[in-house]
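**Student:** here is my input; please provide its structure:
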Amino acid sequence: MNSLNSTFIFSKRENLKKRLALKFSNFDLNGAILEIKEYISDFPTEKEILPSLYATTLNDIGSTSASKSIARLYAEANDKTREFAKNQLNLEPIVNTVWMLTRIGEMTDQTASINHLLALKQIKKKPILPILDPNILCNVAFLPYLEDVFHVLKPGEEANYYSQYASISSFNTTFINYSRDVYGHYSDAAPGVHKLLKNKNLPHFAFKLKEITRKSAQKFLKKHGLNLEDDFVTLHLRESGFLDGERHAWRNINLDDHLDAIKHLTERGIKVVRIGHKKMKKAPDIPGLIDLSGFDRPPEVDIFLSAACLFFYGNPSGPCSLAYQFGRPMLYVNVFPYTHARANSLNQFVPLIEISSSKTLSLKELYERDISNVFSPIPYKRMGIEICKISAVENMNAVKEMLIKLNSLNQDIPADTMSGTGLPDNIWITDDSKLLL
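**Tutor:** Just a heads-up that it's a prediction; the model follows:
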């Protein structure tokens, strides 16, 4: 039997890229997905081409179904190659998505996803997480929580040794198969994962606050006016200055649109603690509002504030994942795309308007148009769809509603409420957002 030419797979890959470029330019997504499936079936070790194809179909083309097909394919290929490495090479699973440690939301959600796999008994052992650079951790105070889930190897000879096998026995924490119907990136899978855990009487959250976190944070917070007996809400509204760019611009929020809502909380004796970075706009002086965005603070502070608050008040961004995975209810404002909604939360959806008809699109229409999880504004501009702004009045309404429904959000809603939207019956939405149903 003749051996393969050394450039055989490379040539196959380059030819595939050319064919896919043509199909994508013609919006032949069914043909593109078929080509990708056949290629990965023949060459499963070529799976690392899939993340960029996922990003293209989601962020540039704007297709929920195509991106989900690639996410499933990637998760399945990862499972297949990891199983081969274990059975044939006697290698333990080694995390190859260490980049997640650079972003608090990704680190929190992806660590939680492995915690859930362990709880669901879909994996039996902690994956190995080799950390080669100690400065990669965006929040060093999260390390004890990482160690609960992963076999963490700190910088040194052992971490270097195992990292060389990460591409062979790779454990990908970004795209995961939880069940036949629940898979992909955690931002898309979160409501389904919540149902899987709840159906097995398992906690929907991954972490419990550690005393080492609590002590360090409370010492700092007392100096800034937050005492042990205080009820408080943690506030994080994303602004420019971190991970900027066209794909993320829509995520930024104007603090001014939430000042009346903040005052509604503080006037009722609930302190509001704002977290964020130093490039954020300074908040006005409001009695009961503690703005920490301009202060250097111990890394434990943001974890504690997210994990111990009465509820978390914020839009989709990293700190929301902290609150969610520590089991705190959330007032999740400005949620877009709507399939990124979370359970145990009151979700406020961003309306989308079709410019040509001035019509506000319903969730069902977005689902039918195959854009229910597209978060980049690029496809919407091409489709003539405008991302709308939520008013200060709607934000005030959301806060008032949150105070009423605070203890009900981890329950299911009537089963037919979200029919045809792609969302399960564990997603609560604000009364204003119900206009989109």
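**Student:** tell me, how many residues neighbour Glu386?
**Tutor:** Using other Cβ atoms under 10 Å, Glu386 has 16 other residues around it. Using the backbone N, CA and C atoms, a C-beta is placed for each residue, glycine as well.
**Student:** what residues of the one helix or strand Glu394 maps to count as buried?
**Tutor:** Using DSSP states H and E, Glu394 maps to helix 392-405. For helix 392-405, the neighbour count (16 or more other Cβ atoms under 10 Å) marks 394-399, 401-403 as buried.
**Student:** check stretch 276-293 too.
**Tutor:** Those would be 276, 280, 283, 288-293, for stretch 276-293 by 16+ other Cβ under 10 Å.
**Student:** tell me the mean pLDDT over that stretch?
**Tutor:** Across stretch 276-293, the average pLDDT comes to 95.
**Student:** swap in stretch 45-58?
**Tutor:** What stretch 45-58 shows for mean pLDDT is 95.
**Student:** only C-alpha atoms, please: export that stretch in CSV.
**Tutor:** This file holds the C-alpha atoms of stretch 45-58, laid out as CSV (Å, rounded to 0.1, in the frame of the first residue of the first chain):
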residue,chain,number,x,y,z
THR,A,45,-7.7,15.7,14.1
GLU,A,46,-8.4,18.7,11.8
LYS,A,47,-11.1,19.9,14.2
GLU,A,48,-9.2,23.0,15.1
ILE,A,49,-10.4,24.6,11.8
LEU,A,50,-13.9,24.6,13.3
PRO,A,51,-13.7,27.5,15.8
SER,A,52,-12.9,30.1,13.0
LEU,A,53,-15.7,28.6,10.8
TYR,A,54,-18.1,28.8,13.8
ALA,A,55,-17.2,32.5,14.2
THR,A,56,-17.6,33.2,10.5
THR,A,57,-21.1,31.6,10.3
LEU,A,58,-22.2,33.3,13.5
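**Student:** okay, and the beta partners of Leu129?
**Tutor:** According to DSSP bridges, the partner residues bridging Leu129 are Val152.
**Student:** doesn't Asp148 make contact with it?
**Tutor:** No - counting by Cβ atoms under 8 Å, Leu129 does not reach Asp148; the two are 11.6 Å apart.
**Student:** take the buried residues of stretch 276-293 and keep only those in strands.
**Tutor:** Among those, the members falling in strands are 289-291 (criterion: DSSP state E).
**Student:** ok, those vs Tyr332, which is closest?
**Tutor:** Comparing those against Tyr332 with Cβ to Cβ picks out Leu289 as the nearest, at 20.3 Å.
**Student:** who touches that closest one in this structure?
**Tutor:** Contacts for Leu289 (Cβ atoms under 8 Å, 6 or more residues apart in numbering) come out as 262, 266, 271-272, 274, 283.
**Student:** returning to what we had before: which one of Leu129 and Asp148 is surrounded by more residues?
**Tutor:** Set side by side, Leu129 and Asp148 show more neighbours around Leu129, with 28 against 16, by other Cβ under 10 Å.
**Student:** so how far is Gln164 from the more buried one?
**Tutor:** The gap separating Leu129 from Gln164 is 15 Å, by Cβ to Cβ, to the nearest Å.
**Student:** what about the residue nearest to Thr102 when sequence neighbours are not counted, how many neighbours?
**Tutor:** Take Thr102 and drop its neighbours on the chain: the residue closest to it by Cβ to Cβ, 6 or more residues apart in numbering is Cys138, 5.4 Å away. Neighbour count for Cys138, taken as other Cβ under 10 Å: 17.
**Student:** going forward, begin numbering at 28 instead of 1
**Tutor:** Got it, the first residue is 28 from now on, which makes the last one we talked about Cys165.
**Student:** from what I can see Cys165 touches Gly132, true?
**Tutor:** No - look at Cys165 against Gly132 with Cβ under 8 Å: they stay out of range, at 9.5 Å.
**Student:** quick one: the longest helix anywhere in the chain to chain centroid distance?
**Tutor:** Ordering each helix of the chain by length in residues (DSSP state H) puts helix 91-116 first. Distance of helix 91-116 from the chain centroid (Cα atoms, centre = their mean, to the nearest Å) equals 20 Å.
**Student:** got the buried residues for that helix?
**Tutor:** By neighbour count on 16+ other Cβ under 10 Å, the buried set for helix 91-116 is 91, 93-106, 108-109, 112.
**Student:** now, which of the buried residues of helix 419-432 sits nearest Ile414?
**Tutor:** Checking the buried residues of helix 419-432 against Ile414 by Cβ to Cβ gives Glu421 as the nearest, at 14.9 Å.
**Student:** OK, contacts around Leu373?
**Tutor:** Taking Cβ under 8 Å, 6+ apart, we find Leu373 in contact with 356-359, 425, 428-429, 432, 436, 455-457.
**Student:** please repeat the previous calculation with a cut-off of 7 Å.
**Tutor:** 358-359, 425, 428-429, 432, 436, 455, 457 (Cβ atoms under 7 Å, 6 or more residues apart in numbering).
**Student:** including distance to Glu238 and pLDDT, could those residues go into JSON lines?
**Tutor:** Below are those laid out as JSON lines (distance: Cβ to Cβ, whole Å; pLDDT from 0 to 100):
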{"residue": "Leu358", "distance to Glu238": "28", "pLDDT": "98"}
{"residue": "Tyr359", "distance to Glu238": "29", "pLDDT": "98"}
{"residue": "Ala425", "distance to Glu238": "34", "pLDDT": "98"}
{"residue": "Glu428", "distance to Glu238": "34", "pLDDT": "98"}
{"residue": "Met429", "distance to Glu238": "29", "pLDDT": "98"}
{"residue": "Lys432", "distance to Glu238": "31", "pLDDT": "95"}
{"residue": "Leu436", "distance to Glu238": "27", "pLDDT": "92"}
{"residue": "Trp455", "distance to Glu238": "32", "pLDDT": "95"}
{"residue": "Thr457", "distance to Glu238": "36", "pLDDT": "97"}
